[in-house]
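Engineer: Need a 3D model of the sequence below.
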Amino acid sequence: MPDKFVMKPCCMFVLNSLNTGGSERKTLRVANGLSRDGWDVHVCYLNPPHDLGSELDSGIECFCLNRSGKLDIKAVKRLRAYLLERNINRVWAVNLYPALYVFLAMLGRRDAAKAWVFVNTTEFHSRKERFQMLLYAPVLRASHGVVFGCEMQRRYWSKIYRIAKSKASVIYNGVDPDYFSPEGYEAGRVNVRRQFGFSPDDIVFGNVAMFRPEKGHDYLIDSIQRLHAENPLVRLLLVGDGPLLPAMKEKVASLGLNDVVVFSGRHSDVRPMLSVMDAFLLVSVAVETFSNAVLEAMSMKLPVILSDIGGASEMLGEDGGLLFKPGDGNALEGAMRYYFEPANREAFGISARERVEERFTERSMLDCYKHTMCCAD
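Structural biologist: Model (predicted):
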C-alpha cells in the first residue's frame, strides 16, 4: 500500500483547561512527542484559560469545548461529534472531571474506541472530594484503563476505589535530560547568582512550586530562619507565583529575611534558576504524586530533599536524594545541614542525574504511552 494511504495512529487528550500547571505542561509535552513520532494527535479542553496553547506543535488540532455549568450536555455532544467525525479511537482523560465528559461522550459506541484516565491526585482530604468519588469511581472502573503517576498511588486507589488490577498501571513522568542539563550553565552561574544578591560562597537552597497551602512554603521559611542564624551562608531562592505569594513575602519581611530569601517570580524556562541553586527542596505536605519540578532539578545534577509523600521514595531510590517526614521542620533542617558539605552535594547530584537518565527520561515516558495504546488493539 502506498505510504500516503497508511493511516497514522490517532489519539486525543482531554483536559480541564490549558492553565499553567504541572499536569497540563506534561500532557502537552506528551502530545508533542507523540506528534513528532508520527501520531495524529488532538487536544481538547473543557474551558479557558488557554495559557499553554502556544506550546503545542502546529500539527496538533486543539479546541475548547467552552463548557457552561458543571455538566454541559451540549459540550458532551460537541466532544462526541468531534471524536466520531475524526475517527478518534484512543482517548486520554487527564484527571477526573474530564474523565466524566469522555465517559459520556463515548457512551454507547460500538466500535473499538478505548479511553484511559490519567489520575494526578494522590488522595483526597475534603469531605466534598470524597463524596464526589461516588460518581467518579464507576467512571474509572468503566474505562479501559486507569494510569497512575507512581506505584504508591496505584496501590492506594486500586484498594480504595476497587479498580481491577488488570486496568491499573503506572507511567512515571519523564524529562529530557539533554534539555535539562547542567552543561552550558556553569559559566553564567556566578553572574546569575550576583543578580539575585548571592555570593559565590553562599549555600543556596531552592524551590520551584506554586504558592499554595499544600506546598509548605510557610514552614520552609521558618526553617531557613533558624538555619541562617546557625550558618550565615544559607540562602533560599523561591521560584513561582500563586495565591499565597503576597503572604509569604510579608512573612519574610516580618522575620527580617529580605536579604536571605529571594522571590524570583514565575519563569517559563527554569534552567537558569536551577543553575543558581546548590540543592533543591520540595517540602509539600499533600497532593504531590511524582513531581516534574523535582525531575528537572535532578536532571540538572542538583541534590534534592523531598518530603516523603506520593512517589518520592520511588523517584529517589536508595541514593537519589534525601527524604523527610512531611511537615517535620526539624527533619528538614537536618537534611539541609547534610548538604552544607560540598562533597555531599556533589555525590547526591551525580546520583540524581544518573537516576533520571536510567529511569525517568521523556523518551521512556512516551514509549510507555505508545505501548499502552498499541497493546489495546
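Engineer: Okay, now the unreliable bits of the stretch 51-200 of the chain?
Structural biologist: Of all residues in the stretch 51-200 of the chain, those with pLDDT under 70 make up the ranges 124-125.
Engineer: Tell me where it has strands.
Structural biologist: In the stretch 51-200 of the chain, the strands defined using DSSP state E, counting those that start in this stretch lie at 61-64, 90-94, 114-119, 145-148, 168-170.
Engineer: mind checking how far the longest helix seen in the chain is from the chain centre?
Structural biologist: Looking across the chain with DSSP state H, the single longest helix is helix 342-359. From the chain centre to the centre of helix 342-359 is a distance of 20 Å (C-alpha atoms, centre = their mean, to the nearest Å).
Engineer: Show the backbone phi and psi for H144.
Structural biologist: phi -70, psi -30 (degrees, to the nearest 10).
Engineer: Now it: closest residue in space that isn't a chain neighbour?
Structural biologist: K114 (4.0 Å; C-beta to C-beta, 6 or more residues apart in numbering). All C-beta spots, glycine's among them, are computed from the backbone N, C-alpha and C.
Engineer: if we can go back for a sec, list the buried residues in the longest helix of the chain.
Structural biologist: By neighbour count on 16 or more other C-beta atoms under 10 Å, the buried set for helix 342-359 is R345, F348, G349, S351, A352, R353, R355, V356.
Engineer: hang on, the earlier thing: nearest to A81, of the strands of the stretch 51-200 of the chain?
Structural biologist: strand 61-64 (11.3 Å; C-beta to C-beta).
Engineer: Domain map for the chain?
Structural biologist: 3-174+362-374, 186-359 (automatic domain parsing).
Engineer: now do the same end-to-end measure for the last one.
Structural biologist: According to C-alpha to C-alpha, to the nearest Å, domain 186-359 extends 25 Å from its N-terminal end residue to its C-terminal end residue.
Engineer: How far off centre is stretch 239-257?
Structural biologist: That offset, for stretch 239-257, works out to 23 Å (C-alpha atoms, centre = their mean).
Engineer: just stretch 49-67 next, same as before
Structural biologist: 19 Å.
Engineer: Would you mind listing the outside residues contacting it?
Structural biologist: The contact list for stretch 49-67 (C-beta atoms under 8 Å, 6 or more residues apart in numbering) reads 17-20, 24-25, 28, 31-32, 35-36, 41-48, 72, 75, 78-79, 82, 86, 101.
Engineer: Do you know the pLDDT at the nearest residue to S351 once chain neighbours are set aside?
Structural biologist: Distances taken as C-beta to C-beta, 6+ apart put D319 closest to S351, at 4.6 Å, once the chain neighbours are dropped. Note on D319: pLDDT of 88.
Engineer: right, and D319 touches I350 too?
Structural biologist: No: counting by C-beta atoms under 8 Å, D319 sits too far from I350 to count as a contact (9.5 Å).
Engineer: ranges for the strands of the stretch 201-350 of the chain?
Structural biologist: Under DSSP E, counting those that start in this stretch, the stretch 201-350 of the chain gives strands at 203-208, 234-239, 261-265, 279-282, 304-307, 322-324.
Engineer: burial of E61, as a residue count?
Structural biologist: Using other C-beta atoms under 10 Å, E61 is surrounded by 14 other residues.
Engineer: how close does it sit to L323?
Structural biologist: 42 Å (C-beta to C-beta, to the nearest Å).
Engineer: got it, and V285?
Structural biologist: 14 Å.
Engineer: where do the contact lists of these two overlap?
Structural biologist: In contact with both V285 and L323: S307, using C-beta under 8 Å, 6+ apart.
Engineer: A helix includes M12, no?
Structural biologist: No: per DSSP: H, G, I helix; E, B strand; the rest coil, M12 lies outside any helix segment and is strand.
Engineer: was I right about it contacting A93?
Structural biologist: No: between M12 and A93 there is no contact under C-beta under 8 Å: 9.4 Å.
Engineer: who's more crowded, those two?
Structural biologist: A93 (29 against 24).
Engineer: quick one, what contacts the nearest residue to the more buried one once chain neighbours are set aside?
Structural biologist: Once flanking residues are discounted, A93 sits nearest to A99: 3.9 Å by C-beta to C-beta, 6+ apart. A99 sits next to A93, A115, V117, Y136, V139, L140, S143 when contact means C-beta under 8 Å, 6+ apart.
Engineer: Point out where the stretch 251-377 of the chain drops to low pLDDT.
Structural biologist: 377.
Engineer: mind listing the helices for it?
Structural biologist: Ranges of helices within the stretch 251-377 of the chain are 271-276, 292-299, 312-316, 329-338, 342-359, 362-374, based on DSSP state H, counting those that start in this stretch.
Engineer: most packed of these?
Structural biologist: When you average the neighbours per residue for each of these (mean count of other C-beta atoms under 10 Å), helix 292-299 leads with a mean of 26.
Engineer: and it, how far out from the chain's middle?
Structural biologist: Centre to centre, stretch against its chain (C-alpha atoms, centre = their mean), the figure for helix 292-299 is 10 Å.
Engineer: Likewise for stretch 30-37?
Structural biologist: With C-alpha atoms, centre = their mean, you get 18 Å for stretch 30-37.
Engineer: Distance of the residue nearest to A93 relative to D201?
Structural biologist: 51 Å.
Engineer: cool, and Y101?
Structural biologist: Y101 is 54 Å from D201, by C-beta to C-beta.
Engineer: So for these two, which sits in the more crowded spot?
Structural biologist: Counted by other C-beta under 10 Å, Y101 and D201 do not tie: Y101 has more neighbours, with 24 against 6.
Engineer: That one against K77, yeah?
Structural biologist: No: applying C-beta under 8 Å as the test, Y101 and K77 come out as separate, 10.6 Å apart.
Engineer: Can you name the residues that contact L238?
Structural biologist: Contacts of L238 (C-beta under 8 Å, 6+ apart): G206, N207, H217, M248, V261, V262, F263, S264.
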